[in-house]
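# no sequence for this one, just the structure:
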C-alpha cells in the first residue's frame with residue numbers, strides 16, 4: 001500500500017479506499033514507522049511474555 005501511495009501520490013484516504021480499508025490512519029501509522037525504523041519496523045514482532053525457564 002505504501003508503495004502504491006508513493007507511486008501514485010494518493011492520500012491516505014484515497015489509498016484506504018483503493019484497498020477497501022476503513023482506517024486511513026493505520027496507513028499513516030505504517031508510513032510513520034517506515035520512515036522512522038525502515039522496513040524492519042514493519043515486520044511482525046513477537047507478542048506476550050517470553051516463556052519461563054525450567055529451573
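All right, it came through fine. Since we're looking at a predicted model, the values are computed, not measured.
# for the spatially most central residue of the chain, give its distance to residue 8.
Residue closest to the mean C-alpha point of the chain, counted by C-alpha atoms, centre = their mean, is residue 30 at 3.1 Å. Distance of residue 30 to residue 8, computed by C-beta to C-beta, to the nearest Å: 16 Å. (Glycine included, C-beta is placed from N, CA and C.)
# hmm, back to that, residue 42 is in contact with the residue nearest to the centre of the chain, correct?
Yes: using C-beta atoms under 8 Å, residue 30 is in contact with residue 42, at 6.4 Å.
# any idea how far the residue nearest to the centre of the chain is from residue 17?
According to C-beta to C-beta, residue 30 and residue 17 sit 16 Å apart.
# what residues sit buried inside the helix ranked longest in the chain?
Of all segments of type helix in the chain, defined using DSSP state H, the longest is helix 24-37. Neighbour-count burial for helix 24-37, with 16 or more other C-beta atoms under 10 Å as criterion, is recorded at 27-28, 30-31.
# list just the nearest of these to residue 21.
Checking those against residue 21 with C-beta to C-beta, the nearest one is residue 27 at 7.1 Å.
# nearest spatial neighbour of that closest one, chain-adjacent residues omitted?
residue 12 (4.8 Å; C-beta to C-beta, 6 or more residues apart in numbering).
# isn't the one you found up against residue 32?
No: assessed by C-beta under 8 Å, residue 12 is found out of contact with residue 32, at 10.9 Å.
# any shared contact partners between those two?
Counting by C-beta atoms under 8 Å, 6 or more residues apart in numbering, residue 12 and residue 32 have no contacts in common.
# sketch out the low-pLDDT regions of the protein for me.
55 (pLDDT under 70).
# show me where it has its helices.
Under DSSP H, the chain gives helices at 2-8, 12-18, 24-37.
# for the residue nearest to residue 27, give its distance to residue 29.
10 Å.
# kindly report the same for residue 8.
Counting by C-beta to C-beta - residue 8 and residue 29 are separated by 20 Å.
# ok, residue 10 next?
Residue 10 is 17 Å from residue 29, where distance means C-beta to C-beta.
# likewise residue 5?
Spatial separation of residue 5 from residue 29 under the definition C-beta to C-beta is 13 Å.
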